Structures are given as C-alpha cells and as structure tokens.
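>>> Okay, predicted coordinates and the sequence, questions at the end:
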Amino acid sequence: MNRFLNAIAITTTLVLVQACSSLPKAEEKVMSVSTHQHEERSSNESHHGNHSTSSTVHGEKKALTQAKLKVSSVITPNKNISLLIDLQDLNGKAIAKFDTFQEKLMHLIIVSDDLQFFSHLHPTYKDNGQFQVEASFPKAGGYTFFSDYKPTGQSEQISVLKTQVPGITIAAPEIDIKRSKTFNDTQVNLALSEPTVKAGQEVTLMFKLQDATNNQPLTDLQPYLGEKGHLVILRQSSSLTAADYIHAHALNNTPTGQVHFMTSFPQAGKYKLWGQFNRNGKIITADFWINVV
C-alpha cells in the first residue's frame, strides 16, 4: 500500500485590484470569508487541494469568486510538478472566458514566505476555468501564490493561494539593504525619489541598469510583457495576503537604461521589490529591500 501524503493546506483569497498600483489604498475595502480544509490521501490519487472564497469592494464594485489549487503529486524540493488552478463563481460554475492583459491570460507570482524565492510564471489555459503550469520549489517551507487574471467583462483580479512544502526549514539570511547589485552581466542601481519612504506617500523607484563590464547605461532593453519593465512588491509578513501585494507599472519617457515606477506603500514595514526587465531577450530579475516608516 502506498504511503500517505502529507496534506497540503491551501487557503485562497480573491481580491479585486486596480490596474495601477498608485491608486490610494484608502479606497480599497476588503472583506473575506475563507474555508480551510485538511485532508490526507494515498499517493496513487492524482490531485488534492483546498479552496476558499472572498470578496473585495472598491466603490460600488464587488466580485465574488472561488479558486482551487490542485497538485498532481506530493511536493518535494527542486522537482517539477504540475499545478492546476481552477476558477469558479460562487455557484461552482467555471469562469470560462478571460481577457488577455500584459500579453497573457494569467500571471502567477510564487514566493517563499521568507521572500527569498521568487518566480513569475504564465499558466496555460486548459478551458473550463482551469489553468495549468509546471513549477518547482527550492526548499521546504511555506509558499504563497499570487495569481493575476481578468475574467471577461470584469476588472483585473488576484487570487492568493498558500501551500506548504514538507521538510526541514532553513532560516532566511539577513536582509540585504544594498542599493547596487550585479545580476550576471547587468549592474542594477536602485534610487528613490524620497530620502525616507513613508507609508501612504507616493514615491518613484528608479532602476538604473548598466553593463557590468563597462558601467555604461544599457541600450539593449526591450519591452517585457508589453511594458518597459514590471515591478512586484511584497511586504514582509508572517502570513502574506493580498493587502501585502503591489504590482507597479513602468513609466514612459525615462532616460536610456533606466526604468521608473511610481507607487505608494500602504503601511510601515519592510518590503521586498523584484524588478523584471528584458535585456535583448533575456529576463533580468533584480531584487531589493526597502524600509517604509
């Protein structure tokens, strides 16, 4: 008889977000009702998963959706597995149609709960409200998924899913607050429009990208998913939620080799930033920490 799998506890939260992260956070009101299930199945079963529901109110708009994550096999570190994200309305009916935005039907951000691991994936739509993707997890511990998509006729939405990879967890390294880092052959310098970043205050984050061999501004930057670059920001938290997530969009008309983002941080704390840029067909992911007071 096959051994039993450790169940993966997953909680999903669906919130309605604006396409531009610089909208005042005070306008957003989130109400959620979640279910949490725990189950144990034998290893010859093909899928296991849990789901929850939530709603977000922004002005007079309201969205209610169910999201479920199914895993094809037990999750072990550094092994590719198939993930299935199933999206339904509250009556259990599949959400069948989705609009393309930023060149994809879905953007999936996966982070470890200590914010040391980051992955930006694009699941394939399999019809009937189901998206499939292959993913791997580098170590034991908790992981959070931010699934970003746009049902036809609705606003952009995010579902937040959680899972646990069994095993012995390793303590995260100390936070690196350097403002200049090198990623392969690219040096990235982060500059801020404000000397002190304050909660609720707009700030411009300026990424200056240079060739690491000669320190000259990059001239081979190309659009990435229809923009000059993308920026994902998460607040350090014991349990990541949609309120900790910011997706900022690049500004136009910036100097050569520079990509700027304008945003605001909803509350004080430590935030991690992942800027993504396309250098001649190769995606650069540059990560930095910011302290917000």
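Arrived safely, thanks for sending. Residues are numbered from 1 along each chain as shown.

>>> in stretch 140-154, what's buried?
Across stretch 140-154, burial judged by 16 or more other CB atoms under 10 Å covers 140-151. Placement of C-beta: from N, CA and C, glycine included.

>>> nearest to residue 128, of those residues?
Lowest distance from residue 128 to the buried residues of stretch 140-154 (CB to CB) belongs to residue 151, with 13.5 Å.

>>> pLDDT value on residue 158, please?
pLDDT, residue 158: 87.

>>> Correct me if wrong: it contacts residue 243.
No. If you go by CB atoms under 8 Å, residue 158 and residue 243 don't touch, sitting 10.8 Å apart.

>>> higher neighbour count, these two?
Remark: of residue 158 and residue 243, residue 158 carries more neighbours, 21 against 16, as counted by other CB atoms under 10 Å.

>>> re earlier: in strands, which of the buried residues of stretch 140-154 fall?
Of the buried residues of stretch 140-154, the ones assigned to strands by DSSP state E are 141-149.

>>> Quick one: the buried residues of stretch 140-154 as CSV, columns for distance to residue 96 too.
Output for the buried residues of stretch 140-154, formatted as CSV (distance: CB to CB, whole Å):
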residue, distance to residue 96
140, 37
141, 35
142, 32
143, 28
144, 27
145, 22
146, 22
147, 17
148, 18
149, 13
150, 13
151, 9
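
>>> Compile these into a markdown table and extend it with columns for pLDDT.
Converted to a markdown table, the buried residues of stretch 140-154 look like this (pLDDT from 0 to 100):
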| residue | pLDDT |
| --- | --- |
| 140 | 94 |
| 141 | 94 |
| 142 | 94 |
| 143 | 95 |
| 144 | 96 |
| 145 | 95 |
| 146 | 94 |
| 147 | 91 |
| 148 | 89 |
| 149 | 90 |
| 150 | 89 |
| 151 | 90 |
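
>>> Kindly report the domain assignment for this structure.
What automatic domain parsing lists as the domains of the chain is 13-165, 180-292.

>>> okay, these in TSV with distance to residue 172 next?
Formatted as TSV, these follow (distance: least, CB to CB, whole Å):
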stretch	distance to residue 172
domain 13-165	4
domain 180-292	10
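
>>> Quickly, which of the ones you listed bottoms out on average pLDDT?
What stands lowest among these, in mean pLDDT terms, is domain 13-165, with a mean of 72.

>>> before we move on, back to that, nearest to residue 174, out of the domains of the chain?
For the domains of the chain, proximity to residue 174 was assessed by CB to CB; domain 180-292 is nearest, at 10.3 Å.

>>> what distance separates the start and the end of that closest one?
Its start and end residues considered, domain 180-292 measures 19 Å (CA to CA, to the nearest Å).

>>> just to revisit the earlier point, joint contacts of residue 158 and residue 243?
Taking CB atoms under 8 Å, 6 or more residues apart in numbering as the contact rule, residue 158 and residue 243 have no neighbour in common.

>>> For residue 171, find the nearest of the domains of the chain.
Of all the domains of the chain, domain 13-165 comes closest under CB to CB, at 8.4 Å.

>>> now the ones in strands among the buried residues of stretch 140-154 in CSV, with distance to residue 71?
As requested, those are exported to CSV (distance: CB to CB, whole Å):
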residue, distance to residue 71
141, 16
142, 15
143, 11
144, 15
145, 11
146, 17
147, 14
148, 20
149, 19
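
>>> Let me know the closest of these to residue 280.
Comparing those against residue 280 with CB to CB places residue 148 closest, at 26.0 Å.

>>> Please name the residues that touch the closest one.
Applying CB under 8 Å, 6+ apart, the residues contacting residue 148 are 106-109, 156-158, 247.

>>> I'd like the distance from the residue most central in space within the chain to residue 199, if you could.
Residue closest to the average C-alpha location in the chain (CA atoms, centre = their mean): residue 109, at 3.1 Å. Residue 109 is 22 Å from residue 199, where distance means CB to CB, to the nearest Å.

>>> Repeat that for residue 93.
Distance from residue 93 to residue 199, by CB to CB: 40 Å.

>>> Can you list the buried residues in stretch 164-173?
Buried residues in stretch 164-173, counted by 16+ other CB under 10 Å: 164-165.

>>> swap in stretch 279-293?
For stretch 279-293, burial by neighbour count (16+ other CB under 10 Å) applies to 279, 284, 286-290, 292.
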